[in-house]
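Build me a model:
(chains A and B)
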Amino acid sequence: MKTAFGPRVEQSVRNCTPVFLTLALVFIGLAPFPAPGYVQVTPMLTLVSVYYWSIYRPDLLPLAATFCIGLMQDVLIGTPLGMSALVLLLVQGAVVAQRRFFLGKTFVVVWCCFMLVAPAAAVVSWLLASLYHWTIMEPRLLLFQHVVTILIYPCLTWFFAVAHKRLVAKA
Amino acid sequence: MRIQTSQVRRLAIPVKVWFQRFAFGLLLAAAAALMVLGRAETAFVEHIKTGISDVVAPVLDVISRPVASVTELVDHTRVLLDLASENARLREENARLWHWQQTARNLREQNHALRGMLNLVAEPRTSFVTARVITDSRTAFVRTVLVNAGSSDQVQQGQAVINGDGVVGRVVESGDRNARVLLMTDLNSRIPVIVESTRDPAILAGDNSDRPTLRYLPMNATIAPGDRIVTSGQGGMIPPGLPVGIVAEVADGVVRVQPFVRWHRLEYVRVLNFVLPGVLPETRLAAPEGALR
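Below you'll find the model as predicted:
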């Protein structure tokens, strides 16, 4: 049984929510906010987004989309082209592979797992950046950046959960 | 028609399945390949970069505007709250500046007369473009900003970028309507400078921290916290004498400079078009690091 044309289009648009949200977070992360502390530690918003959607709706965040979002982020931030794409893809790959474990777990457990994933992503990006620039990068700021990302995780996840329930799940 | 569609589908399905099976590996390899290509500074990667930022710059411009308005509102409120103390401070500063203005006038006259006596070659004129900062990406790895002026506004790679406080950095990539500015705190930033009082030359090298370091100072240089650092003009792209910062600490042979620019208030910047007559295009970028050794 095929559904009518209108609802199908609506559902397709709704299904784009994860990609659009992640893309929007790239832009929001780049906005020149004035707080002096903040600019030191712009959190990795896209990392949280990729983590969340890889657990709950990996079908709606294709690998190719993650790749393109990563490239976009690299171009706009000015990091070596391909670096964020590589890190985000690795995170998505790792999370999707362990998805059975995550499903049905409480928020705190998933958050705790993010506390393992974020530092792992930090280490990979630190290695990549150090290799690329062929110098030992200062790890302190990166550490700080990922601590802030872990702290901001609950707010973002709440927001994603609302978007998930209101926009994606409801047809 | 139907036959054709089914044929296409029959061909497309294995390709799709094959791609899905290997997508993860393929995309990882593609990302790694782009990093390698980018490291080699190929024109292909540069094209991708400027292409994407040209397309996305208008979106970033739109997003940065409400952020700027909110910032302005917050600043305005803060100014209103501090009005009395600010006024007292400004009166005091005004009195001091009047004195300096008198000194400057005297020196200008004297300078003019001495230049006339020496037949000094006139400095080239510097024109500038004012641009708005549309993104702020100061992460752990890079310190750059995008501004909304590009090669269509005569913004070119290598040009110096300043604001009211002092030197900000220089242009590293220039798209059609946007340009990327490498801040002087970035790991890759090198700016030829001199110590204002002693005229000792050095290179200001960023290391992604808020305080860049002074390198290649002469062996016998004496330097102390509080010394002002200004651009030297060597390399031909940055005009001499622009304020950069003050020496913040001297420890174990490492001299750290506190820039004058307040990074969290970077809203508008000026891109300077300063080209010495007769300087070849190849030498328009900075002099190599070892030049001042």
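
Dihedrals phi and psi, B:T213?
Main-chain torsions, B:T213, degrees, to the nearest 10: phi -110, psi 150.

Kindly report the same for A:F159.
Dihedral angles of A:F159 (phi, psi; degrees, to the nearest 10) stand at phi -60, psi -40.

Chain A contacts on the stretch 151-293 of chain B?
Contact residues, the stretch 151-293 of chain B versus chain A (Cβ under 8 Å from any Cβ of the partner chain): B:R180, B:L187, B:N188, B:D207, B:N208, B:S209, B:D210, B:W263, B:H264, B:R265, B:L266, B:E267. Using the backbone N, CA and C atoms, a C-beta is placed for each residue, glycine as well.

swap the cut-off to 10 Å and go again
B:172-173, B:180-182, B:186-188, B:207-210, B:262-267 (Cβ under 10 Å from any Cβ of the partner chain).

Mind pulling up the pLDDT for residue 39?
In the absence of a named chain, this looks at chain A. In this model, A:V39 is scored at 52, pLDDT.

you looked at the wrong chain, it should be chain B
pLDDT, read off for B:R39, is 84.

Could I get the contacting residues of it?
Counting by Cβ atoms under 10 Å, 6 or more residues apart in numbering or on different chains, B:R39 touches A:P80, A:L81, A:G82, A:L131, A:Y132, A:H133, A:W134, B:V45.

Which members of those residues are the farthest-apart pair?
Greatest spacing in those, by Cβ to Cβ: A:W134 and B:V45 (17.5 Å).

And A:R166, how far from A:T17?
Applying Cβ to Cβ, to the nearest Å, the value for A:R166 to A:T17 is 9 Å.

In terms of neighbours, single out the busier of these two.
Taking neighbours as other Cβ atoms under 10 Å in any protein chain shown, A:R166 and A:T17 compare with A:T17 leading, 20 against 11.

Quick one: neighbours of B:S53, just the number.
Neighbour tally, B:S53, other Cβ under 10 Å: 25.

Does it lie in a helix or a strand, and which?
Using DSSP states H and E, B:S53 falls within helix B:43-81.

What is the least confident helix or strand in chain A?
helix A:36-40 (a mean of 56; mean pLDDT, DSSP states H and E).

Next secondary structure after that helix?
Criterion used, DSSP H and E; the element after helix A:36-40 is helix A:45-56.

Alpha carbons of that next one, in CSV - could you do that?
Provided in CSV are the C-alpha atoms of helix A:45-56 (Å, rounded to 0.1, in the frame of the first residue of the first chain):
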residue,chain,number,x,y,z
LEU,A,45,28.5,20.8,18.5
THR,A,46,28.5,18.5,15.4
LEU,A,47,30.2,15.8,17.4
VAL,A,48,27.2,15.6,19.7
SER,A,49,24.8,15.7,16.8
VAL,A,50,26.5,12.9,14.9
TYR,A,51,26.7,10.8,18.2
TYR,A,52,23.0,11.3,18.9
TRP,A,53,21.6,10.5,15.5
SER,A,54,24.0,7.6,15.0
ILE,A,55,22.5,6.0,18.0
TYR,A,56,18.8,6.7,17.4
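
Same list, the contacts of B:R39, but as CSV with neighbour count and secondary structure please.
Compiled in CSV, those are given as follows (neighbours: other Cβ atoms under 10 Å in any protein chain shown; DSSP: H, G, I helix; E, B strand; the rest coil):
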residue, neighbour count, secondary structure
A:P80, 23, coil
A:L81, 22, coil
A:G82, 27, coil
A:L131, 14, helix
A:Y132, 18, helix
A:H133, 16, helix
A:W134, 7, coil
B:V45, 20, helix
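
now for the strand or helix carrying B:R105, which elements pack on it?
Taking DSSP H and E as the definition, one finds B:R105 inside helix B:83-118. For helix B:83-118, the elements it packs on are helix B:43-81, judged by 3 or more Cβ pairs under 10 Å, 6 or more residues apart in numbering or on different chains; DSSP states H and E.

separation between A:A94 and A:A121?
9 Å.

joint contacts of these two?
Joint contacts of A:A94 and A:A121 (Cβ under 10 Å, 6+ apart) are A:Y51.

where in the chain is pLDDT low?
I'll assume chain A. Across chain A, residues meeting the criterion (pLDDT under 70) sit at A:1-3, A:34-41, A:170-171.

actually it's chain B I care about, not the one you picked
For chain B (pLDDT under 70), the answer is B:1-5, B:137-138, B:275-293.

can you state the direction angle for whichever strand in it runs longest and helix B:43-81?
Secondary structure assigned by DSSP state E gives strand B:127-138 as the longest strand of chain B. For strand B:127-138 against helix B:43-81, the angle by axes from the mean of the first three to the mean of the last three Cα atoms, to 10 degrees is 90 degrees.

helices or strands up against whichever helix or strand comes after strand B:127-138?
Beyond strand B:127-138 in the direction of the C-terminus, DSSP H and E gives the next helix or strand as strand B:143-147. The elements that strand B:143-147 packs onto, with contact taken as 3+ Cβ pairs under 10 Å, 6+ apart, are helix A:63-77, helix B:43-81, strand B:127-138, strand B:167-174, strand B:179-183, strand B:268-273.
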